[in-house]
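S.K.: Output the structure for:
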Amino acid sequence: MLMRTDPFREFDRLSRQFFGDPVGTWTRPTAMPMDAYREGDEYVIALDLPGVDPDAIDIDVERNMLTVKAERRPAGDRDGVQMELAERPLGAFSRQVVLADTLDTRQIAADYDAGVLTLRIPIAERAKPRKISIGGGKHKQIES
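M.R.: Below you'll find the predicted structure:
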């Protein structure tokens, strides 16, 4: 068994008991780590959700607000399991991201692999750069 030295361990245990969290998990929503970047004509958002069942992930878009909610349940909820140590965060996780008007929120694709939720949002056609050609005709001068 692995033992580690932590001078604040007893203090943490007592504070969790005092605040009504004996197992060491918090029930408040927690933000999930995220990376966001542009890749070609897509905007990519990658969120870390290790140990979360894909069925426990909920993704919503309302106007330009993207909301990702997930829940990680303790292993101790299963019959015959007795928890000895619980350090991984459990409970509800949520993250909200305001998306720019330049993104096509109707075409979002989601993929979940190796504990990472990846959302791919295409750049809207109206936001892509385009070349404007110059006509060869004469300009008419407007008189006032």
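S.K.: ok, now how distant is residue 110 from residue 66?
M.R.: Distance from residue 110 to residue 66, counting by CB to CB, to the nearest Å: 11 Å. Glycine gets a C-beta too; all of them are placed from N, C-alpha and C.
S.K.: Pull up the overlap in contacts between these two.
M.R.: Taking CB atoms under 8 Å, 6 or more residues apart in numbering as the contact rule, residue 110 and residue 66 both touch 59, 119.
S.K.: More neighbours: which of the two?
M.R.: When neighbours are counted by other CB atoms under 10 Å, residue 110 and residue 66 differ, and residue 66 comes out ahead with 20 against 14.
S.K.: Tell me the bridge partners for that one.
M.R.: Going by DSSP bridges, residue 66 is paired in beta bridges with residue 61, residue 97.
S.K.: cool, and residue 39?
M.R.: Here residue 39 sits in beta bridges with residue 42, going by DSSP bridges.
S.K.: do you know how far it is from residue 104?
M.R.: Counting by CB to CB, the gap from residue 39 to residue 104 is 15 Å.
S.K.: Looking at the two, which is more packed in?
M.R.: Higher neighbour count among residue 39 and residue 104: residue 104, with 17 against 8, using other CB under 10 Å.
S.K.: Just the CA atoms of the strand or helix carrying residue 120, as PDB, please.
M.R.: Using DSSP states H and E, the secondary-structure element containing residue 120 is strand 116-122. C-alpha atoms of strand 116-122 as PDB (Å, rounded to 0.1, in the frame of the first residue of the first chain):
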ATOM      1  CA  VAL A 116     -11.600  13.800 -23.000                       C
ATOM      2  CA  LEU A 117     -14.700  15.300 -24.500                       C
ATOM      3  CA  THR A 118     -13.900  17.100 -27.700                       C
ATOM      4  CA  LEU A 119     -16.400  19.500 -29.300                       C
ATOM      5  CA  ARG A 120     -15.800  20.700 -32.900                       C
ATOM      6  CA  ILE A 121     -17.700  23.800 -33.900                       C
ATOM      7  CA  PRO A 122     -17.400  24.900 -37.500                       C
END
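S.K.: List the contacts of it.
M.R.: Contacts for strand 116-122 (CB under 8 Å, 6+ apart): 41-49, 57, 59, 66, 68, 70, 99, 103-105, 107-112.
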